[in-house]
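Student: here's a sequence, model it:
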Amino acid sequence: MPAPAAMRTSFSKLFDEIGTVDQVGIEERVAKFTTRSIKKNSKLWGLKTAVSMVDLTTLEGKDTPGKVASLCQKARRPSFDPSVPPVAAVCIYPFLVKYAARWLADTPIKVASVATSFPSGQSPLALRLEEVRTAVSDGADEIDMVINRGLFLAGEFNAVQEEISAVVEACGDAQLK
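Tutor: All right, here's what the predicted structure looks like:
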């Protein structure tokens with residue numbers, strides 16, 4: 001069932017309130033930044049902070065436990081410089097979560113998984129929920145959800161919200177992103 005007119009109107013209103021991009025303003029701001037010099041200590045702090053927020057990801061059809069082991073090793077030590085911190089997370093397919101969880105168990109690095117039928121989110125909800133529960137049971141700390149774009153594009157916003165709520169519940173203590 002399509003979303004009620006009021007919901008479609010509220011989404012349209014939200015997008016209208018966001019407004020358009022001020023191209024001239026952006027170019028002026030970028031020009032100011034290109035002439036600035038970031039001092040060495042601030043630059044190092046910024047780079048280390050950026051690395052600590054990265055999710056290293058592999059989502060290829062040829063992913064294997066061995067490839068995930070290499071990715072986990074890179075996540076633990078992203079640079080030869082020992083002062084560079086580990087990354088925030090390793091993001092992988094659900095069937096590989098158990099391996100990453102084992103290899104990262106003694107680290108602060110999170111295991112993220114693209115459960116919910118990545119990349120389309122188009123399989124039945126029951127299958128997507130089972131995929132989430134299995135990933136969490138296998139050690140996923142975070143679930144990257146793909147909404148059912150077909151429902152969203154059809155204006156079925158209530159159905160999308162219901163599916164998101166069901167996934168939140170299936171995540172348990174894992175964080176939904």
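
Student: ok, the residue nearest to Val54 when sequence neighbours are not counted to Ser123 distance?
Tutor: Among residues not flanking Val54 along the chain, Val87 sits closest, at 4.5 Å (Cβ to Cβ, 6 or more residues apart in numbering). Bear in mind the C-beta positions are built from the backbone N, C-alpha and C, glycine included. Note on Val87: its distance to Ser123, by Cβ to Cβ, to the nearest Å, is 30 Å.

Student: what about the two, which has more around it?
Tutor: Between Val87 and Ser123, counting by other Cβ atoms under 10 Å, Val87 is the more crowded of the two (23 against 12).

Student: residues contacting the more buried one?
Tutor: Contact analysis of Val87 by Cβ atoms under 8 Å, 6 or more residues apart in numbering lists 51-56, 75, 78, 109.

Student: that older thread, can you tell me the SS state at the residue nearest to Val54?
Tutor: coil (DSSP: H, G, I helix; E, B strand; the rest coil).

Student: could you give the mean pLDDT of stretch 161-172?
Tutor: Average pLDDT, stretch 161-172: 96.

Student: report the buried residues of that stretch.
Tutor: 163, 167, 170-171 (16 or more other Cβ atoms under 10 Å).

Student: ok, those residues vs Phe95, which is closest?
Tutor: Nearest to Phe95 among those, counting by Cβ to Cβ, is Ala170 at 16.9 Å.

Student: pretty sure the closest one is in a helix, no?
Tutor: Yes. Assessed with three-state DSSP, Ala170 lies in a helix.

Student: which residues touch it?
Tutor: 129, 132-133, 136.

Student: ok, now Thr134?
Tutor: By Cβ under 8 Å, 6+ apart, the contact list for Thr134 reads 94, 115.
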